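Trainee: Provide a 3D model corresponding to the input given below.
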Amino acid sequence: MLKKESTGLIVVDIQGKLARLVDGNDNLIRNCEKLIKGSQALGLPIICLEQNPDKLGSTVDELSLLLTETTPISKFTFNACDEPKFIEAVRAENVDTWLVCGIEAHICAYQTAIGLLKLGYKVQFVGDCVSSRTLANKDLGISRLRGNGVDITGLEMCLYELVKDCRSSEFKQILNLIK
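Mentor: Residues are numbered from 1 along each chain as shown. Next up is the predicted model:
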């Protein structure tokens with residue numbers, strides 16, 4: 001079970017034109033907005049990644065407006081764990097579990113999740129907060145992650161798992177996000 005005291009969120013490369021080209025892009029961005037807002041309400045650390053932002057563009061406005069206290073980490077490798085600034089940011093947070101959302105599910109999000117797992121972190125891939133240009137590639141990424149020991153979760157599942165109790169101070173905020 002997820003614990004808010006030991007869980008963080010990694011937002012992978014939801015940027016530029018590619019974010020508008022992935023399968024179900026409007027739903028992806030809406031769900032990631034909810035996941036970010038829920039993570040903020042729960043006080044989770046958030047790390048945002050951008051793949052080659054000079055070429056691909058920055059994080060989409062809908063999300064960057066929510067992430068004003070988070071400076072995106074630029075990367076050129078598909079696996080963010082090959083970027084020293086990312087490793088430094090991950091290690092600076094006192095968590096043992098990372099939720100991963102973003103694009104593409106079979107490339108950067110996939111390789112970063114595997115990289116985190118190899119570093120000894122628990123990883124939960126938020127299945128309705130990831131996408132690829134094709135649904136087949138999204139499904140392939142999720143399947144491969146599951147086979148490698150990464151847990152697959154969903155937006156509602158992880159937020160309610162983190163809230164734990166309808167009497168918690170964050171419950172109404174989470175409920176309003178999900179409605």
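Trainee: tally of neighbours for the closest residue to E104 other than its chain neighbours?
Mentor: Nearest residue to E104, sequence neighbours excluded (Cβ to Cβ, 6 or more residues apart in numbering): S132, at 4.2 Å. From N, CA and C alone the C-beta is placed, and that goes for glycine too. Neighbour count of S132, defined by other Cβ atoms under 10 Å: 26.
Trainee: contacts only, for the residue nearest to the spatial centre of the chain.
Mentor: For the chain, C101 is the residue whose C-alpha lies nearest the centre (Cα atoms, centre = their mean; 2.5 Å). By Cβ atoms under 8 Å, 6 or more residues apart in numbering, the contact set of C101 is 9-12, 14, 31-32, 35, 109, 126, 129-130.
Trainee: and the strands in the protein?
Mentor: For the chain, applying DSSP state E gives strands covering 7-12, 46-51, 73-75, 97-103, 122-131, 151-153.
Trainee: now the first one against strand 97-103, angle please.
Mentor: Here strand 7-12 runs at 20 degrees with respect to strand 97-103, directions being taken by axes from the mean of the first three to the mean of the last three Cα atoms, to 10 degrees.
Trainee: so how far is P45 from S39?
Mentor: 8 Å (Cβ to Cβ, to the nearest Å).
Trainee: any common contacting residues for these two?
Mentor: In contact with both S39 and P45: 8-9, using Cβ under 8 Å, 6+ apart.
Trainee: who has more neighbours out of these two?
Mentor: The neighbour count for S39 versus P45, taken as other Cβ under 10 Å, is higher for S39 (23 against 17).
Trainee: quickly list what the nearest residue to the more buried one once chain neighbours are set aside is bridged to.
Mentor: Distances taken as Cβ to Cβ, 6+ apart place L9 nearest to S39, at 4.4 Å, with adjacent residues excluded. Legend: beta-bridge partners of L9 under DSSP bridges are I46, L99.
Trainee: look up the closest residue to L67, ignoring the ones flanking it.
Mentor: In space, L67 is closest to C48, 5.4 Å off (Cβ to Cβ, 6+ apart).
Trainee: show me the contacts for that neighbour.
Mentor: Per Cβ under 8 Å, 6+ apart, neighbours of C48: 10-11, 59, 63, 67, 70-73.
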